[in-house]
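J.: Prediction below, plus the sequence it came from.
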Amino acid sequence: MYANRRWWIARVVDAVRVDAVRDANFENLVRICAEADLDYFVVPTGSVFRTAIGVPSNQRERAVQALAETKHDRNFYAFAENESFGFRPFVDLDHRRWCELAMTLRVIETYSVVASRDGTGFIGREHRCELQFWTSSDAEVTADAESLVTEPRSTSGLPSVIRAPRPNPCIRSMRPSRAFEDSVCVNGREHPTAPEFQWYLDGESCPFVIDVVYTWVDSGDPVWRKRRNEAAGAAGVVSADGSTEERFRTFDELRYSLRSVRQYVPYVRKIFIVTDRQVPPWLDSGHGQIEIVDHRDIFDDLSDLPTFNSHAIESQLHHIDGLAEHYLYVNDDVFFGRLSDWHTYFERSGHSKFFESKAGFEAGEPSPFGTSVDNAGKNLQRELFRETGWAPSKKLKHTPHPQQRSLMFEIEKRFGDAYIATKRARFRSTTDISFAAALHHRYGQTLGRAWPGSIRYQYLNLAEHNLVDRLEILLGTPFDTLCLNDGAMDAHTFPAAQASVREFLAARFPYRAPWEVDRES
């Protein structure tokens, strides 16, 4: 296959989880080290994307020979960063020249390449396992490098100190025996490591359950459209965009957003899809990780239904039976773009994070002529200042929204009148507040239970005139999350935009999830 301006030998798969690719690279290098009887130890990289194994540099020659002599298939790469040999399969290399080069390296990067049948969905070096040569040094270890007392060089010639060839989040150097004093469980098996590394690696595991909650509607369903039209005819004052078509039409986003969860978010326990008496025709609703939740299951007053107001629906998500305390609220136009780290969304304490935008709120009072987003923001500022004496000046990004269920129950009680007004509005109205996507974060911030976070985020309004060019750029752009926000398009523009978006999504997320029961529409 051709990717990153180079040809690669790849293993073709129909379904994949990126963490499994990363773990397979680790297991492959561990096997090589174990078969060569190398004294290896696990090294944390500080990154969810890659793994590392260390060996003392006095075993470098044995390690290099082990790599060269091990039988590999053509989908195996071992090289130094920016080294030209690395872009050829390992079995195609001149091993004598490769060994000469490898003997000068501090780190050798090993990995296989995975791709979908159409050549998209390329997964390669970013999930490598590094073979690190910890170099010997008799120089005294300084206090800021490590607090351990070093040992003198032994009569066997072993160094008193070994040093990391590249930074890691724990320690820079240690005595050789320290590297094997403890163990850590990786992929269900114990491997030797230093105590400091074990503490760090064990601390990286998520200490609580995390679920995902989607809100979804099939706007093409004639029965649903009839309910919406009848409700719209009886609606009172709503925001100018409260019932416009782009609020409800679909680009088949849910299918691909769910694929992105499957591929990139390995720590998710369960996915809840909240909808109005609908199930996607391609979805196996009996799959153990998926649960369909009807609006009637979460609204305590059924007279508030049917509702077509996403603010009202999201205000009820914490009422889902069996939902975890910690969950991500995700709109179906939001996608995960690379392996996700739970630290991005939650603190180890369980407190959630939010992602502030550079855009500020508009001044003034809510108006029927204003947008629903601006009206909800103005209401949030007013209500939050009334309750806490503080109001934010910035909006939030269109990302997954980390939620604490207990915090939402508290908000429901404290902001009772505003909460009831929002959940009773069948369409977006001038009285709405965005409870889950905004007030949860800002109220939590006032209590010290939610904190600003950072995320590599992309946003695209689908009404932009250069949509095709922007989508092509996004195909090769790394991101944590992406929002493809449906803008105002006329009947002539929408079909072309819909086709472009579906083509992009199929190329960016080509791996089918196990709950899909048909082919792409």
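T.: Nice, thanks for sending it over. Model, not experiment: these values are computed from the prediction.
J.: can you pull out the strands in the stretch 251-400 of the chain?
T.: Per DSSP state E, counting those that start in this stretch, the stretch 251-400 of the chain carries strands over the ranges 268-275, 290-294, 326-331, 334-336, 352-354, 356-360, 394-396.
J.: make that the stretch 101-250 of the chain, sorry
T.: Counting by DSSP E, counting those that start in this stretch, the strands of the stretch 101-250 of the chain are 107-111, 114-115, 129-137, 161-163, 173-174, 182-186, 189-193, 210-215.
J.: strand partners of the first one, parallel vs antiparallel please.
T.: Read that as strand 107-111. Strands that pair with strand 107-111, judged by DSSP bridges, come out as strand 77-79 (antiparallel), strand 129-137 (antiparallel).
J.: chain center to that strand: distance?
T.: 25 Å (C-alpha atoms, centre = their mean, to the nearest Å).
J.: Dump that strand to PDB, keeping only the CA atoms.
T.: Output of strand 107-111 as PDB, limited to C-alpha atoms (Å, rounded to 0.1, in the frame of the first residue of the first chain):
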ATOM      1  CA  VAL A 107      16.900   3.100  20.100                       C
ATOM      2  CA  ILE A 108      15.500   0.700  17.500                       C
ATOM      3  CA  GLU A 109      11.900   1.100  16.600                       C
ATOM      4  CA  THR A 110       9.900  -2.000  15.700                       C
ATOM      5  CA  TYR A 111       6.400  -2.400  14.300                       C
END
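J.: Hmm, residue 439 is touching residue 445, no?
T.: No - taking contacts as C-beta atoms under 8 Å, residue 439 lies outside contact range of residue 445: 10.3 Å. From N, CA and C alone the C-beta is placed, and that goes for glycine too.
J.: Could you check which of the two is surrounded by more residues?
T.: residue 439 (24 against 20; other C-beta atoms under 10 Å).
J.: Give me the pLDDT for that one.
T.: Looking at residue 439, its pLDDT is 98.
J.: One more: residue 370?
T.: For residue 370, pLDDT reads 85.
J.: Can we start the residue count at 64 from this point?
T.: Got it, first residue is 64 now, which makes that one residue 433.
J.: Number of residues surrounding it?
T.: By the criterion of other C-beta under 10 Å, residue 433 has 19 neighbours.
J.: tell me the phi and psi of it?
T.: Backbone torsions of residue 433, given as degrees, to the nearest 10, read phi -90, psi 170.
J.: Any regions of the stretch 214-363 of the chain where pLDDT drops low?
T.: 214-222, 298-312 (pLDDT under 70).
J.: and with 50 instead?
T.: Within the stretch 214-363 of the chain, the segments meeting pLDDT under 50 span 214-219, 300, 309-310.
J.: residues in contact with the closest residue in space to residue 190 that isn't next to it in sequence?
T.: Leaving aside its sequence neighbours, residue 190 sits nearest to residue 85 (C-beta to C-beta, 6 or more residues apart in numbering; 4.0 Å). Residues near residue 85 by C-beta atoms under 8 Å, 6 or more residues apart in numbering: 112-114, 190, 192, 402.
J.: Farthest pair within these?
T.: Using C-beta to C-beta, the contacts of residue 85 span at most 14.2 Å, a distance reached by 192 and 402.
J.: Next, please give the residue ranges for the helices of the stretch 214-363 of the chain.
T.: In the stretch 214-363 of the chain, helices defined by DSSP state H, counting those that start in this stretch lie at 258-266, 285-297, 316-327, listed in chain order.
J.: just so I know, which of those lies nearest residue 154?
T.: Nearest of these (C-beta to C-beta): helix 316-327, 28.5 Å.
J.: counting contacts, what elements does the closest one pack onto?
T.: Where contact means 3 or more C-beta pairs under 8 Å, 6 or more residues apart in numbering; DSSP states H and E, helix 316-327 is packed against strand 273-278, strand 331-338, strand 397-399, helix 557-571.
J.: quick one: residue 367 and residue 485 touch, right?
T.: No - taking contacts as C-beta under 8 Å, residue 367 lies outside contact range of residue 485: 10.2 Å.
J.: tell me, what's touching these two both at once?
T.: Residues within reach of residue 367 and of residue 485 at once, by C-beta under 8 Å, 6+ apart, are residue 375.
J.: Compare those two (neighbour count), which wins?
T.: The neighbour comparison of residue 367 against residue 485 (other C-beta under 10 Å) goes to residue 485, with 26 against 17.
J.: Contacts only, for the more buried one.
T.: By C-beta under 8 Å, 6+ apart, the neighbours of residue 485 are 372, 374-375, 378, 494-496, 498.
J.: and if we set it to 6 Å?
T.: With contact taken as C-beta atoms under 6 Å, 6 or more residues apart in numbering, residue 485 is in contact with 374-375, 378, 495-496.
J.: which element is it on?
T.: helix 479-487 (DSSP states H and E).
J.: Report the distance from that helix to the chain centre.
T.: Here helix 479-487 is found 32 Å from its chain centre; the criterion is C-alpha atoms, centre = their mean.
J.: from the chain's centre, how far out does whichever helix or strand comes after it sit?
T.: Once helix 479-487 ends, the next helix or strand along the chain (criterion: DSSP H and E) is helix 503-510. Offset of helix 503-510 from its chain centre (C-alpha atoms, centre = their mean): 23 Å.
J.: And for stretch 363-382?
T.: Centre-to-centre, stretch 363-382 and its host chain are 27 Å apart (C-alpha atoms, centre = their mean).
J.: again with stretch 554-568
T.: The chain centre lies 25 Å from the centre of stretch 554-568; the measure is C-alpha atoms, centre = their mean.
J.: Check stretch 174-182 too.
T.: Centre-to-centre, stretch 174-182 and its host chain are 20 Å apart (C-alpha atoms, centre = their mean).
J.: Tell me the buried residues in it?
T.: Buried residues in stretch 174-182, defined by neighbour count with 16 or more other C-beta atoms under 10 Å: 174-179.
J.: Same check on stretch 339-357?
T.: 339, 341, 343, 345-346, 352-356.
J.: Check stretch 180-191 too.
T.: Neighbour-count burial for stretch 180-191, counted by 16+ other C-beta under 10 Å, picks out 183-191.
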